[in-house]
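Visitor: sequence and computational prediction follow.
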Amino acid sequence: MQQGIPTEEEVLQYFTTLSNWGRWGADDQLGTLNLITPEKTRRAVGLVREGVTLSCARTIQFEAAPDAPTPPIHYMVESGEGWASGEKVTTRRNQASVDFFGMVFHGHTITHMDSLAHFFWEGKMYNGRPAHLVSTSLGATVESVEVAKDGIITRGVLVDVPMLRGIDWVERGEGVMPADIEAAERRCGFRVEEGDVLMVRTGQLKRRQQEGPVNPLVVGSTACQAACLPLFHQRGIAMICSDTGNDVMPPQYQRLTNPIHQVGIVAMGLWILDNANLEDLAEACRQRNRWEFMLCIGPLRLFNTTGSPINPIAVF
């Protein structure tokens, strides 16, 4: 058992001690995105020195896997088959290809962000709204991802836990602790600050690439442990991101299955970025010995949805 893991009773108290309900007003739906001020964005833009851009998203695949039992669907409405050979005979003047795709983006493989409508606790959403405001017929009528339609441009900081610990990856069922984040600050020369996107690499994507996919619901996964929640609140991060689903599996508590999501989203109004690709980013940071950068996130402008697939872009 790892040292420093809070008890379930202590984590349950976080719903009160770490709450941001009412902090930005009774009508607020942005939560911690309020911490990304125009000045924060301006300073993030000032981090750009080289103009080098880097995707932090996984490629969306359309095949089933142990960690993707309901993969995205893709088919061609129209294709280029037959046009080049002259087999198609048509009176149409335009020759084009057209796609359809659909997906369940919440899960363990698609890089996406969760809005504050994604999780509830005791029938409540962030800022005390009743959970029934997210319905099967209407979707997320409040706290939808559309409230982030103007995009997120702020400072990103990377905590590369395997590098810090001298390992290939964090083991499944083991959590990243506040001491790991603090060690990254000392070694890498940054401090997690208000309005940052905190990006935590565990090495799980690297493990998937080397050993193949597994079902995290069966064999487990890693992420920040619930012990990190007070640090998130104290430092005022705008979003937590990792290369996993952002909760340790199997669950470490009886009542709390997903404490980072349950406390983070519902009590803190913390936006969450799941399943990032941090492998290329980690290599770029190591090459530069630089662990801060401008980060650009543009969610799709989706109506009444609880999140969006995204392609976060780090800019050095």
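Guide: Noted; the coordinates are in hand.
Visitor: wasn't H74 part of a strand?
Guide: Yes: assessed by DSSP: H, G, I helix; E, B strand; the rest coil, H74 belongs to a strand.
Visitor: do I have it right that it meets Q61?
Guide: No: using C-beta atoms under 8 Å, H74 is not in contact with Q61, being 9.5 Å away. C-betas here are computed from N, CA, C, even on glycine.
Visitor: spell out the secondary structure type for V218.
Guide: V218 ends up helix, using three-state DSSP.
Visitor: nearest spatial neighbour of it, skipping sequence neighbours?
Guide: If the residues on either side of it in the chain are set aside, V218 comes closest to P66, at 7.9 Å by C-beta to C-beta, 6 or more residues apart in numbering.
Visitor: outline the domain layout of the chain.
Guide: 8-60+106-315, 61-102 (automatic domain parsing).
Visitor: mean pLDDT lowest for which of the ones you listed?
Guide: Mean pLDDT across these is lowest at domain 61-102; the value there is a mean of 84.
Visitor: now do the helices in the stretch 151-300 of the chain.
Guide: With DSSP state H, counting those that start in this stretch as the criterion, the stretch 151-300 of the chain has helices at 161-165, 178-188, 204-211, 216-219, 229-235, 259-261, 279-288.
Visitor: got the contact list for the fifth one?
Guide: Contact with helix 229-235 is made by 11, 14, 17-18, 20, 178, 181, 192-194, 196, 198, 240, 259-260, 263-264, 268, 270, as judged by C-beta atoms under 8 Å, 6 or more residues apart in numbering.
Visitor: would you mind checking those for buried ones?
Guide: Buried members of these, counted by 16 or more other C-beta atoms under 10 Å: 11, 14, 18, 20, 178, 181, 192-194, 196, 198, 240, 259-260, 263-264, 268, 270.
Visitor: still on that earlier bit, so for A131, which of the helices of the stretch 151-300 of the chain sits nearest?
Guide: Ranking the helices of the stretch 151-300 of the chain by proximity to A131 (C-beta to C-beta) places helix 259-261 first, at 14.1 Å.
Visitor: how far away is N289 from T70?
Guide: 41 Å (C-beta to C-beta, to the nearest Å).
Visitor: I meant to write R58 there.
Guide: Remark: distance between R58 and T70 (C-beta to C-beta) = 16 Å.
Visitor: neighbour-wise, which of the two wins?
Guide: Neighbour totals were compared for R58 and T70, and R58 leads with 19 against 9 (other C-beta atoms under 10 Å).
Visitor: could you report the neighbour count for F120?
Guide: For F120, the count of nearby residues is 18 (other C-beta under 10 Å).
Visitor: so who does it touch?
Guide: By C-beta under 8 Å, 6+ apart, the residues touching F120 are 131, 134, 266.
Visitor: contacting residues around the nearest residue to E194 once chain neighbours are set aside?
Guide: Nearest in space to E194, with sequence neighbours left out and distances taken as C-beta to C-beta, 6+ apart, is G236 at 3.5 Å. G236 makes contact with 32, 35, 193-195, according to C-beta under 8 Å, 6+ apart.
Visitor: my read: I310 touches H112, true?
Guide: Yes: the criterion here is C-beta under 8 Å, and I310 meets it with H112 at 6.0 Å.
Visitor: need the overlap of contacts for these two.
Guide: By C-beta under 8 Å, 6+ apart, I310 and H112 have these common neighbours: L273.
Visitor: look up phi and psi at the closest residue to G175 other than its chain neighbours.
Guide: Leaving aside its sequence neighbours, G175 sits nearest to Q225 (C-beta to C-beta, 6+ apart; 2.7 Å). Main-chain torsions, Q225, degrees, to the nearest 10: phi -80, psi 160.
Visitor: give the bridge partners for the residue positioned nearest the centre of the chain, please.
Guide: The structure's the chain has its C-alpha centroid closest to L273; by C-alpha atoms, centre = their mean the separation is 0.8 Å. Beta-bridge partners of L273, counted by DSSP bridges, are M113, C241.
Visitor: need the contact list for it.
Guide: Contacts of L273 by C-beta under 8 Å, 6+ apart are 111-114, 197, 199, 239-242, 246, 297, 310, 312.
Visitor: do the same with H106
Guide: So H106 contacts 112, 114, 118, 274, 306-307 (C-beta under 8 Å, 6+ apart).
Visitor: hey, where'd the strands end up in the stretch 1-150 of the chain?
Guide: Listed in chain order, the strands of the stretch 1-150 of the chain (DSSP state E, counting those that start in this stretch) span 53-55, 73-78, 98-102, 112-114, 134-135, 139-140.
Visitor: what strands line up against the top strand by length along the chain, and which way round?
Guide: Assignment by DSSP state E gives strand 152-160 as the longest strand of the chain. The pairing partners recorded for strand 152-160 under DSSP bridges are strand 197-201 (parallel), strand 292-297 (antiparallel).
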